[in-house]
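Enquirer: What follows is a predicted protein model with its sequence.
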Amino acid sequence: MNDEEVEDRLRDALRQFAGDAPPGATMLTSVTTESARRGRRSRLTTFASGAAALVAIGAALPFALRGGPGPALEGGPQLPAAAPTASWSSPAVRRSATPWASAAAPALVPSTVPGAVLFPFSAPTGDGFGEPMVTLTGGRPTVVQTLPGGEPVTMTLYDRDPGRPTATAEGRPARVNGQAATAYVWSGADPAGSDGEKHQSLVWHPAGQSWLRIDADQGVDPTLLTKYADAIVPGGLKGEAPFTFKLMPSGWTVDNIGPAAVTFAPPGVQPDAGYVNKITVMLDEAPGLEPKLAGPQTVEIRDGEVTAWLTTADDGQFLQVPVAGGRSLLVQIGPKAALPQELLLRFAEGIGVTAAARVSHG
């Protein structure tokens, strides 16, 4: 299932009215103010041609990637470890009779979301190669780039040998820059899936560095893939985050950071490239003057000149807040990531839009 299908399914699930407009509506002005302040400092920009097709985290990736913790990120420590949560329940949520109404809610703590994702290797440039895009995908620093023929290639950082992409992957010895490597051919969208398509990977361990894995469709000439790997040398690439955050739920993991979205996974939800059961923050092209999800389950929240829209149902929440530049901020919450309405507004209050943000078309 791709990210757009995940979004569509969540939005279709928002079907039952879940209570009155929450207290704390005075926080909404801060969302618009924070975005306007950052908007005055720099304009929204777009990525170069190699990344033009990416409109949401993982959208241009040929497959999702999984693994253990990644290296430190700029502007923050290692991905945060789980922490105890405090018991909290909103009266408005209790009236909704949703299945998560009585669940313990996390405390909001100062954010550890990095301002940028760092990748400690350089990618090939010129000769038809696309502009490399650095993201955090499934908890791992990742580079997406197009080859001279236009095919996408994905380079992912690991702190140890990632092993076979799937249990049935066929491996053979290979060489990258004179070092031992393993070339794999395998089927499936990711290690847990099977889309029937063939993929290929190169895995090796540069001396004194982290492990690297390069993935591409099987249609890419293996010789070209090896030449691409030979051109990768220690260096530095960086992908700026699209949003800033003052607060985040305690113990949650930031597992995806791309130009169009940032996701937060609660304890018990493994990092991956999708949006399911997470909080997803996106920028929408609509100004937010009308609700994106119209219907009786959506309520209007007003604070002075700011009007926001909150949809709450058994399967999640969806908050839409107008921001500077004629756009709106979307905060989408899966069922295992639901927050009491007051905490949701406090979280949204501290979100700012940066110059790296791109509109999500999911």
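Expert: Right, received. Where do you want to start?
Enquirer: all strands for the stretch 151-300 of the chain, in order.
Expert: 152-158, 170-176, 179-187, 198-204, 211-217, 233-240, 243-245, 247-249, 253-257, 261-265, 279-284, 298-303 (DSSP state E, counting those that start in this stretch).
Enquirer: Would you mind getting the angle between the longest one and strand 211-217?
Expert: With axes from the mean of the first three to the mean of the last three Cα atoms, to 10 degrees as the criterion, the two stretches strand 179-187 and strand 211-217 enclose an angle of 40 degrees.
Enquirer: Strand 179-187 pairs with which strands, parallel or anti?
Expert: Paired with strand 179-187 in the same sheet, following DSSP bridges, are strand 170-176 (antiparallel), strand 198-204 (antiparallel).
Enquirer: Touching it from outside, list them.
Expert: Applying Cβ atoms under 8 Å, 6 or more residues apart in numbering, the set of residues contacting strand 179-187 from outside is 164-166, 168-175, 194-207, 218, 222, 229. C-betas here are computed from N, CA, C, even on glycine.
Enquirer: Which among the residues you listed count as buried?
Expert: The neighbour-count test (16 or more other Cβ atoms under 10 Å) marks 164-166, 169, 174, 199-206, 229 as buried among these.
Enquirer: These: which two are farthest apart?
Expert: Using Cβ to Cβ, the buried ones among the contacts of strand 179-187 span at most 23.9 Å, a distance reached by T166 and P206.
Enquirer: re the thing from before, including mean pLDDT, could the strands paired with strand 179-187 go into CSV?
Expert: CSV is the format used below for those (pLDDT from 0 to 100):
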stretch, mean pLDDT
strand 170-176, 95
strand 198-204, 95
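Enquirer: now those strands in TSV, with distance to L344?
Expert: Formatted as TSV, those follow (distance: least, Cβ to Cβ, whole Å):
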stretch	distance to L344
strand 170-176	46
strand 198-204	39
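Enquirer: returning to what we had before: which one of the buried ones among the contacts of strand 179-187 sits closest to G235?
Expert: P206 (11.5 Å).
Enquirer: OK, contacts around the closest residue to that closest one other than its chain neighbours?
Expert: Excluding its sequence neighbours, the residue lying closest to P206 (Cβ to Cβ, 6 or more residues apart in numbering) is L212, at 6.5 Å. L212 is in contact with 121, 155-158, 203-206, 229, 232, counting by Cβ under 8 Å, 6+ apart.
Enquirer: so I301 touches Q320, yeah?
Expert: No - counting by Cβ atoms under 8 Å, Q320 is not a contact partner of I301; they are 9.9 Å apart.
Enquirer: Have a look at these two and say which one is more surrounded.
Expert: Between I301 and Q320, counted using other Cβ atoms under 10 Å, Q320 has the larger neighbour count: 25 against 21.
Enquirer: Which strands border the helix or strand encompassing that one, and is each parallel or antiparallel?
Expert: For Q320, the element it lies in under DSSP states H and E is strand 316-323. Using DSSP bridges, the strands paired with strand 316-323 are strand 306-313 (antiparallel), strand 327-333 (antiparallel).
Enquirer: With mean neighbour count added, can I get those in a markdown table?
Expert: A markdown table is the format used below for the strands paired with strand 316-323 (neighbours: other Cβ atoms under 10 Å):
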| stretch | mean neighbour count |
| --- | --- |
| strand 306-313 | 23 |
| strand 327-333 | 24 |
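Enquirer: of these, which approaches K278 most closely?
Expert: For K278, the closest of the strands paired with strand 316-323 is strand 327-333, at 8.0 Å, according to Cβ to Cβ.
Enquirer: and the angle for the closest one with strand 261-265?
Expert: Using the same axes, to 10 degrees: strand 327-333 against strand 261-265 is 20 degrees.
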